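S.K.: Could you work out the structure for the sequence below:
(2 chains)
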Number of protein chains: 2
Amino acid sequence: MHIFYTPDITQNTYTLSEEESKHCVRVLRLSIGSLVNLVDGKGGFYTAEITSDNPKKVRLSVQKVESEFNKRNHYLHIAVAPTKNIDRLEWFLEKATELGIDEITPIITDRSERRVVKEDRLIKVITSAVKQSIKAYHPKLNDAISFDAFLSQSFDGDKLIAHCIDSGSKKYISDLIHPHGKYLVLIGPEGDFTPEEVNEALNKDFKALTLGNNRLRTETAALSACFEINYINR
Amino acid sequence: MHIFYTPDITQNTYTLSEEESKHCVRVLRLSIGSLVNLVDGKGGFYTAEITSDNPKKVRLSVQKVESEFNKRNHYLHIAVAPTKNIDRLEWFLEKATELGIDEITPIITDRSERRVVKEDRLIKVITSAVKQSIKAYHPKLNDAISFDAFLSQSFDGDKLIAHCIDSGSKKYISDLIHPHGKYLVLIGPEGDFTPEEVNEALNKDFKALTLGNNRLRTETAALSACFEINYINR
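M.R.: Below is the predicted model:
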């Protein structure tokens, strides 16, 4: 069944935007009586019937509501340095949304080649993955922020940092986190975090993790951490 | 240190191709005395010194050879239906090479929208990931083959198929495979395998796996299987 993202749904009826209405009637060829699914991004999964197929404003009547649809059993926040080639960050956002993530923050680090991101474009990528993979929860994308400003905030839960600097004190994620917990993972840029940035994080009680012996690109490391944490909590 | 892929290296000296020579001298600005790394794709990892920096034929003298460099402790073969958008398959090949894979076969299934792939283009993607992630072993890409012809071959080791058809008999990969073994995993196209294809595989002793409750795209499912098998054998 086709799915629409309707974050502003509040009642038992809903009117699609002009763009979505056109898509619904002209492209999907849906008409009065057809059933569609709606997700509000906050856990609500709706089944609704088309009651008016006006190609400028399709009206829907909600038939069924499920709340906390496929609610996740942990909370994962990944703060990642945007890749020089933005496609790689967009790819990470799509895949992480499919596999399961709750919050993403682009962090601008000392060695970041890319220091500006267009959040609205990235949110579109996430929303499209939310619909494609039928997620009732929409991952939250924060505005890009400098590494220092980000670390000056306080976070609860398990705090981890992935870096490539040789040190004997790295552990696997499975040895660092509490099951069904809240997690924040820092992933550096192509050139890695600086030793100063790593120390700053360690001084704020972040634990150094290893993702294994493979040399991974930034977006692969971020997805790998996302995968491991979902796997451990499965 | 810069790395070159030299599958045809046989002696203690090697001459780079005209293209690689030009790249080495004109782009990387390397000259006589500079050290570079070479990988032969069969486990050999070489350190070599530039003895001639002729931009048409750079000559190298091998200083050090490591064999079975970062040899993997299992053998993973993934047979995946090529995605309609070939970028998605290329993305899978790059990421699987980074994370660890030994063999890939594009399989043309009943519901495959893409029935032709350009293997040479895909091999370039793999080689570039091999160099970027410093792998001494080059994953093998087989020619595309029909699902039926592929299944008519014989395989040893654990044989798995990922499909979306409801059935109570699916298990997690961790409950299906032997550690440090040889594995073959079948991943279907956007529209999934047909019930007939699934039965054909089950009749040939393939076991049905589940990757969890997420609805994953073809390339995400393939990478997810690759990730799980590497994780279990870590």
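S.K.: State the distance from the most centrally placed residue in chain A to residue B:140.
M.R.: The residue lying closest to the centre of chain A (C-alpha atoms, centre = their mean) is residue A:139, at 3.9 Å. Residue A:139 is 36 Å from residue B:140, where distance means C-beta to C-beta, to the nearest Å. Where you see a C-beta, it was placed from the backbone N, CA and C, and this is true even at glycine.
S.K.: Same check on residue A:51?
M.R.: Relative to residue B:140, and taking C-beta to C-beta, residue A:51 is found at 56 Å.
S.K.: Same question for residue A:216.
M.R.: For residue A:216, the distance to residue B:140 - C-beta to C-beta - is 21 Å.
S.K.: again, but for residue A:121
M.R.: Counting by C-beta to C-beta - residue A:121 and residue B:140 are separated by 37 Å.
S.K.: Between the two, which is the more surrounded one?
M.R.: The neighbour count for residue A:121 versus residue B:140, taken as other C-beta atoms under 10 Å in any protein chain shown, is higher for residue B:140 (14 against 10).
S.K.: And that one, how far from chain A?
M.R.: 18 Å (C-beta to the nearest C-beta, to the nearest Å).
S.K.: what's across from that residue in the sheet?
M.R.: Going by DSSP bridges, residue B:140 is paired in beta bridges with residue B:103.
S.K.: Please verify my assumption that it contacts residue B:97.
M.R.: No: using C-beta atoms under 8 Å, residue B:140 is not in contact with residue B:97; the gap is 11.2 Å.
S.K.: any idea how far residue A:154 lies from residue A:204?
M.R.: According to C-beta to C-beta, residue A:154 stands 9 Å off from residue A:204.
S.K.: between those two, which one's more packed in?
M.R.: A direct count of neighbours by other C-beta under 10 Å for residue A:154 and residue A:204 places residue A:204 higher, at 14 against 6.
S.K.: I'd assumed residue A:160 was in contact with the more buried one.
M.R.: No: taking C-beta under 8 Å as the definition, residue A:204 is not a contact partner of residue A:160, at 11.7 Å.
S.K.: The strand or helix carrying residue A:46: partners in the sheet, and parallel or antiparallel?
M.R.: Using DSSP states H and E, residue A:46 maps to strand A:45-54. Under the criterion DSSP bridges, strand A:45-54 sits next to strand A:35-39 (antiparallel), strand A:57-66 (antiparallel) in its sheet.
S.K.: What is the end-to-end distance of stretch A:164-181?
M.R.: Start-to-end span of stretch A:164-181 (C-alpha to C-alpha, to the nearest Å) is 25 Å.
S.K.: Can you give me the buried ones in that stretch?
M.R.: Using 16 or more other C-beta atoms under 10 Å in any protein chain shown as the test for burial, stretch A:164-181 gives A:164, A:170, A:173, A:176, A:177.
S.K.: Then stretch A:45-54?
M.R.: Neighbour-count burial for stretch A:45-54 flags A:45, A:46, A:48, A:50, A:53 (criterion: 16+ other C-beta under 10 Å).
S.K.: One more: stretch A:142-159?
M.R.: So for stretch A:142-159, counting by 16+ other C-beta under 10 Å, buried means A:144, A:145, A:147, A:150, A:151, A:155, A:158, A:159.
S.K.: Pick out the most distant pair among those residues.
M.R.: Spanning the widest gap among these are A:144 and A:158, at 23.5 Å by C-beta to C-beta.
S.K.: where do the helices sit along chain A?
M.R.: Remark: helices assigned in chain A by DSSP state H are A:18-22, A:86-99, A:119-132, A:147-151, A:195-203, A:218-232.
S.K.: List of residues touching the first one?
M.R.: Identification of contacts with helix A:18-22 by C-beta atoms under 8 Å, 6 or more residues apart in numbering or on different chains yields A:4, A:15, A:54, A:55, A:56, A:57, A:58.
S.K.: That helix - what's its average pLDDT?
M.R.: Averaged across helix A:18-22, pLDDT comes to 96.
S.K.: Relative to the whole chain's centre, how far out is it?
M.R.: Computed by C-alpha atoms, centre = their mean, to the nearest Å, the chain-centroid distance of helix A:18-22 equals 26 Å.
S.K.: Pull that helix out as CSV, backbone CA atoms only.
M.R.: This file holds the C-alpha atoms of helix A:18-22, laid out as CSV (Å, rounded to 0.1, in the frame of the first residue of the first chain):
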residue,chain,number,x,y,z
GLU,A,18,-1.2,19.9,-3.6
GLU,A,19,2.0,18.2,-4.6
GLU,A,20,1.1,14.9,-2.8
SER,A,21,-2.5,15.1,-4.1
LYS,A,22,-1.3,15.4,-7.7
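S.K.: shouldn't residue A:32 be in contact with residue A:58?
M.R.: No: when contacts are counted by C-beta under 8 Å, residue A:32 is not listed as touching residue A:58 (9.5 Å).
S.K.: who's more crowded, these two?
M.R.: Neighbour tally, residue A:32 and residue A:58, criterion other C-beta under 10 Å: the higher count belongs to residue A:58, 27 against 12.
S.K.: Not counting sequence-adjacent ones, nearest residue to residue A:72?
M.R.: Counting by C-beta to C-beta, 6 or more residues apart in numbering or on different chains, residue A:72 lies nearest to residue A:100, which is 5.9 Å off, once chain neighbours are set aside.
S.K.: what's the burial count for residue A:189?
M.R.: 22.
S.K.: cool, the one 5 residues further on as well?
M.R.: The local packing of residue A:194 (other C-beta under 10 Å) involves 17 other residues.
S.K.: Find the nearest non-adjacent residue to it, please.
M.R.: Nearest one to residue A:194, counting by C-beta to C-beta, 6+ apart, is residue A:110 at 4.8 Å.
S.K.: show me what contacts residue A:175?
M.R.: If you count contacts by C-beta under 8 Å, 6+ apart, residue A:175 has none.
S.K.: What is the distance between stretch A:18-27 and the centre of its chain?
M.R.: 27 Å.
S.K.: how about that stretch: buried residues?
M.R.: Buried, per 16+ other C-beta under 10 Å, within stretch A:18-27: A:21, A:22, A:23, A:24, A:25.
S.K.: what's the answer for stretch A:1-18, then?
M.R.: Buried residues in stretch A:1-18, counted by 16+ other C-beta under 10 Å: A:3, A:4, A:5, A:6, A:9, A:14, A:15, A:16.
S.K.: Stretch A:91-104 now?
M.R.: By neighbour count on 16+ other C-beta under 10 Å, the buried set for stretch A:91-104 is A:91-102, A:104.
S.K.: Mind splitting chain A into its structural domains?
M.R.: Domain ranges of chain A: A:3-66, A:75-232, per automatic domain parsing.
S.K.: Just put these in a markdown table and tack on distance to residue B:233.
M.R.: Shown next, in a markdown table, are these (distance: least, C-beta to C-beta, whole Å):
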| stretch | distance to residue B:233 |
| --- | --- |
| domain A:3-66 | 36 |
| domain A:75-232 | 10 |
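S.K.: Excluding chain neighbours, what is closest to residue A:173?
M.R.: Nearest residue to residue A:173 in three dimensions, chain neighbours excluded: residue A:228, at 4.8 Å (C-beta to C-beta, 6+ apart).
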